[in-house]
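Chemist: attaching a predicted model along with its sequence, questions to come.
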Amino acid sequence: MDTSAYLKAVVEQTSILADWMHGKDATAPVPTCPKWTLTDLVDHVGGTQRMVAMLVGERMDEPSKAYAGYVPGPTDSGQWRDWLNEGAAKASQAFASVADDTPVWDPSGAAAGVPFWSRRLFGEACVHRADGAAALGMPYELAPELAVEALEDWLDTMTSRGYWENRPGFADAMRGDGQTLHFHATDAPGEWVARREPGKVALERTHAKADVAVRGSAVDLLLVISRRRPLNAATTLEFHGEKALFDHWIEHMDWVTEG
C-alpha cells in the first residue's frame, strides 16, 4: 500500500469506530487496554491523528511542538463521531500536502517520516478499532490484506532501531542470542521471522524454521501479536514450538506501558 491508500483506510477504519463510539458510556472500560475507558480510547485515536497531522502538515523535524499541541476529545460522547471523523480528515489532508520524501521526523530512525506515519496511523486505526469492538461487544472484521499490512506495521515498528534505542526496558527484555519466532498468514501473503539478537530484534520477510511458529488467518495473527486476543481464543491459529519464548514476546509487545 502507498501513502494515499493508507490514509484512505485510516478514514474508513476511523469512520467505523466513530459510529460505534457515538453516544456510548464514556466511562465504559476497554478490556484490551485495562487502564482505559472509552474516553481514553477516543482521546488517543483522535488526538494522535491530529498530532500526526501537525507533524506532517508543518514538516516538523522534531516532535515537541506536536506533542505539546495534543488535543483531548470532547467529554460529551454525543460529539465523538464528528470529532473522530474530523481527526481522520485532518490527517488525510496533511498527507495530501506532502510527498513521501518530504523531511518529517521519523521515530523509527529510518529518516522516512511520511511513509512511516501514514502506515503507523493505519495500524493504529485497525488495532484500536479492535479495542472498540472488545469494549462494546461488536464483531471485529478486517480484510486479510489489510490485517497483513497492520501486522507489518506493528512488527516493523516494534523492531525498529528507533524503538529499541528509545525504550531501554524493551531492549533489555528482548535481547537474545538468536531465538527466532515465525509468523505466517495463511489467507493473504505475509510471513515474518523475528530474531532476538544482542543489539536488536532482526525482522525478515521470509519462510524459515524457527523456535516458535504461529500460523493462521491474518486477522487472528494481528489480534494475538498486538495483545488484543489471547492465543487460546484465536481459533484459526496453529502453534508450534517453545511456549515460554512466545509468552515472553507477547508480554513485551505492550505499547500501553512501553510507549
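Modeler: Perfect, I can see it now.

Chemist: lowest-confidence helix or strand of this protein?
Modeler: Least confident element among the helices and strands of the chain, by mean pLDDT, DSSP states H and E: helix 255-258 (a mean of 46).

Chemist: and V104, what is it in contact with?
Modeler: The neighbours of V104, taking C-beta atoms under 8 Å, 6 or more residues apart in numbering as the test, are 55-56, 59-61, 98, 113-114, 117. Quick note: C-beta positions are derived from backbone N, CA and C, even for glycine.

Chemist: just the buried members of these?
Modeler: Neighbour counting over those (16 or more other C-beta atoms under 10 Å) leaves 55-56, 60, 98, 113-114, 117 as the buried ones.

Chemist: residue boundaries of the strands in the stretch 51-200 of the chain?
Modeler: 179-185, 191-196 (DSSP state E, counting those that start in this stretch).

Chemist: buried set for the first one?
Modeler: Going back to what we said before, that points to strand 179-185. Quick answer for strand 179-185 (16+ other C-beta under 10 Å): 179-185.

Chemist: possible to save those as JSON lines with distance to F170 and pLDDT?
Modeler: Listed next are those as JSON lines, based on distance: C-beta to C-beta, whole Å; pLDDT from 0 to 100:
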{"residue": "Q179", "distance to F170": "16", "pLDDT": "98"}
{"residue": "T180", "distance to F170": "18", "pLDDT": "98"}
{"residue": "L181", "distance to F170": "15", "pLDDT": "98"}
{"residue": "H182", "distance to F170": "21", "pLDDT": "98"}
{"residue": "F183", "distance to F170": "18", "pLDDT": "98"}
{"residue": "H184", "distance to F170": "24", "pLDDT": "98"}
{"residue": "A185", "distance to F170": "24", "pLDDT": "98"}
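
Chemist: could the residues you listed be laid out in a markdown table, adding distance to L203?
Modeler: Shown next, in a markdown table, are those (distance: C-beta to C-beta, whole Å):
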| residue | distance to L203 |
| --- | --- |
| Q179 | 13 |
| T180 | 11 |
| L181 | 10 |
| H182 | 11 |
| F183 | 10 |
| H184 | 14 |
| A185 | 15 |
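
Chemist: tell me the one of those nearest K243?
Modeler: L181 (11.6 Å; C-beta to C-beta).

Chemist: the residue lying closest to the closest one once chain neighbours are set aside: how many residues sit nearby?
Modeler: Here the nearest residue to L181 in space, its sequence neighbours aside, is V212; by C-beta to C-beta, 6 or more residues apart in numbering that works out to 4.4 Å. Per other C-beta atoms under 10 Å, the neighbour tally for V212 reads 21.

Chemist: F246 is in contact with V212, correct?
Modeler: Yes - counting by C-beta atoms under 8 Å, F246 is a contact partner of V212 at 4.8 Å.

Chemist: identify the contacts common to these two.
Modeler: 181, 239.

Chemist: pLDDT score for the residue nearest to L181?
Modeler: V212 carries a pLDDT value of 98.

Chemist: ditto for the one 4 residues further on
Modeler: The pLDDT attached to G216 in the predicted structure is 98.

Chemist: now do the same end-to-end measure for stretch 49-66.
Modeler: Using C-alpha to C-alpha, to the nearest Å, one end of stretch 49-66 lies 11 Å from the other.

Chemist: in that stretch, what counts as buried?
Modeler: The neighbour-count check on stretch 49-66 (16+ other C-beta under 10 Å) flags 49-57, 60, 66 as buried.

Chemist: adding distance to D25, write those residues out as TSV.
Modeler: As requested, these are exported to TSV (distance: C-beta to C-beta, whole Å):
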residue	distance to D25
Q49	23
R50	24
M51	26
V52	28
A53	28
M54	30
L55	32
V56	33
G57	34
M60	36
A66	30
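
Chemist: show me the two of those that sit farthest apart.
Modeler: Q49 and M60 (15.3 Å).

Chemist: what is the lengthiest helix in the chain packed up against?
Modeler: Using DSSP state H to define each element, the chain has its longest helix at helix 113-136. Counting contacts by 3 or more C-beta pairs under 8 Å, 6 or more residues apart in numbering; DSSP states H and E, helix 113-136 packs against helix 3-21, helix 38-57, helix 80-96, helix 144-158, helix 218-225.
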